[in-house]
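Chemist: When you get a sec, could you give me coordinates for this:
(one chain, ligands or ions: 1)
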Amino acid sequence: MKTALVCGAGGFIGGHLVKRLKKEGFWVRGIDLKFNEYAETEADDFVIGDLREQSVVRAVVDRKFDEVYQLAADMGGAGYIFTGENDADIMHNSATINLNVLDACHKRNIKRVFYSSSACMYPAHNQLDPDNPNCAEDSAYPANPDSEYGWEKLFSERLYLAYNRNFGMECRVARYHNIFGPEGTWEGGKEKAPAATCRKVAMAKDGDVLPVWGDGLQTRSFLYVDECIEGTIRLLRSSFEGPVNIGSEEMIAINDLVRMVIAIGEKDLSIKNIPGPVGVRGRNSDNRLIREKLEWEPSQSLKDGMEKTYAWILEQVKRRHNYPKAA
Ligand code: NAD
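Modeler: Reported below is the predicted structural model:
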């Protein structure tokens with residue numbers, strides 16, 4: 001039986017990845033600081049532990065796993081990453097996790113480790129034009145990420161590739177672009193734009209005004225989580241080390257995303273743009289490299305993914321807040 005270790009298995013993408021690996025017949029160990037809040041884990045063994053502790057990481061990496069997925073990171077939405085208030089934690093915690101996991105894998109002679117970098121590592125100066133951002137993989141240098149979160153991702157990408165070069169490992173590096181879907185954080189401050197928008201629309205009543213950070217003309221693309229998992233697994237098992245974008249090329253302005261969700265929720269709402277942390281002006285995945293190297297790319301429409309996500313968040317809102325209340 002093949003074995004896999006998922007670091008960050010209590011998180012959003014990690015939870016979905018465990019499910020997928022179980023479907024494929026793997027024996028799966030997960031590790032995280034916490035269980036997933038929204039779904040019972042399907043991992044055969046789930047360790048609650050802190051990957052910043054070397055001794056914990058060595059104990060968890062106790063065998064030669066066939067596949068290791070390193071998704072654990074100190075992260076959140078724009079409200080967590082772009083305010084500057086959490087920079088020291090973000091850099092220290094995530095870098096320590098990556099240093100520990102990679103070294104423990106190397107010492108067990110594990111070859112294949114997947115690392116989830118982020119589109120946040122792309123230079124800010126290539127993302128000033130909302131209609132024409134440049135996120136081609138080879139545009140990463142000279143580096144100029146707009147957040148310390150992005151700088152840590154860049155450092156860790158290089159760390160994984162250095163272990164390939166110097167120690168014969170076969171790590172795989174992907175740059176995720178805004179992953180969304182059910183069973184992700186949808187309230188509390190660490191949620192991202194798709195989930196936050198679904199929550200606001202689900203909780204609103206006709207006639208309400210929805211506050212949206214920035215002028216709403218900033219653009220992004222969003223990838224449904226099932227396709228992220230598909231790309232992740234394909235990359236890990238391919239002969240291409242990356243870094244490669246895993247994202248959607250369906251770019252949308254944030255106000256249009258909000259309008260899409262309002263239509264899905266069948267509500268009569270208007271938008272008010274307010275000052276807030278927004279990040280770069282434009283960002284879109286560039287899928288030329290993944291098409292070439294993996295002969296695959298995501299294909300699901302944003303609307304299909306948002307419909308599934310809205311339905312799930314509406315359920316959560318009803319359960320948690322008993323809302324909207326019966327008239
Ligand atoms: P998430 O926050 O839901 O999952 C990360 C998990 O890591 C959390 O469950 C957290 O508890 C765990 N973790 C943090 N510190 C830990 C520690 N010290 N020890 C053990 N576990 C720890 O995030 P996600 O959306 O599932 O993202 C997974 C990975 O993908 C992250 O590395 C993230 O940076 C990257 N990524 C995600 C997106 C996205 O849109 N979701 C975009 C780009 C990159």
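Chemist: which residues sit in contact with Val201?
Modeler: With CB atoms under 8 Å, 6 or more residues apart in numbering as the criterion, the residues that contact Val201 are Leu210, Val258, Val261, Ile262, Ile264, Gly265, Lys267, Leu269, Tyr310. (Each C-beta comes from the backbone N, C-alpha and C, glycine too.)
Chemist: Against Ala72, how distant is it?
Modeler: Applying CB to CB, to the nearest Å, the value for Val201 to Ala72 is 31 Å.
Chemist: about what we covered before: buried ones only from the contacts of Val201, please, as a PyMOL command.
Modeler: For selection in PyMOL, the members of those meeting the burial criterion (16 or more other CB atoms under 10 Å) are listed in this command:
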select buried, resi 210+258+261+262+264+265+267+269+310
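Chemist: Kindly indicate which of the contacts of Val201 lies nearest Leu102.
Modeler: Nearest to Leu102, judged by CB to CB, of the contacts of Val201 is Tyr310 at 37.7 Å.
Chemist: Surely the closest one touches Ile264?
Modeler: Yes - counting by CB atoms under 8 Å, Tyr310 touches Ile264, with 4.9 Å between them.
Chemist: got a list of what Arg20 touches?
Modeler: Residues touching Arg20, when contacts are defined by CB under 8 Å, 6+ apart, comprise Ile229, Ile233.
Chemist: residues in the chain within reach of the ligand, list them.
Modeler: Counting by CB under 6 Å from any ligand atom, the chain comes close to the ligand at 8, 10-14, 32-34, 50-52, 71-75, 93, 97, 116, 118, 176, 178-179, 192.
Chemist: Weed out the non-buried ones from these.
Modeler: Using 16+ other CB under 10 Å, the buried members of these are 8, 10-14, 32, 50-52, 71-75, 93, 97, 116, 118, 176, 178-179, 192.
Chemist: Among those residues, name the ones in strands.
Modeler: Among these, DSSP state E puts Asp32, Ser116, Ser118, Tyr176, Ile179 in strands.
Chemist: Now the nearest residue to the third one once chain neighbours are set aside: phi and psi?
Modeler: Once flanking residues are discounted, Ser118 sits nearest to Lys153: 4.9 Å by CB to CB, 6 or more residues apart in numbering. Geometry field for Lys153 lists phi and psi as phi -60, psi -40, criterion degrees, to the nearest 10.
Chemist: repeat for Ile233
Modeler: Ile233 adopts backbone torsions of phi -70, psi -40, taken as degrees, to the nearest 10.
Chemist: State the distance from it to the ligand.
Modeler: Using CB to the nearest ligand atom, to the nearest Å, one gets 14 Å for the distance from Ile233 to the ligand.
Chemist: Domain-wise, how is this protein divided?
Modeler: Taking automatic domain parsing as the criterion, the chain consists of the domains 3-179+222-246, 183-221+250-284+300-321.
Chemist: picking that back up, among the residues of the chain next to the ligand, which are in helices?
Modeler: Per DSSP state H, helices hold the following members of these: Phe12, Ile13, Gly14, Asn93, Ile97.
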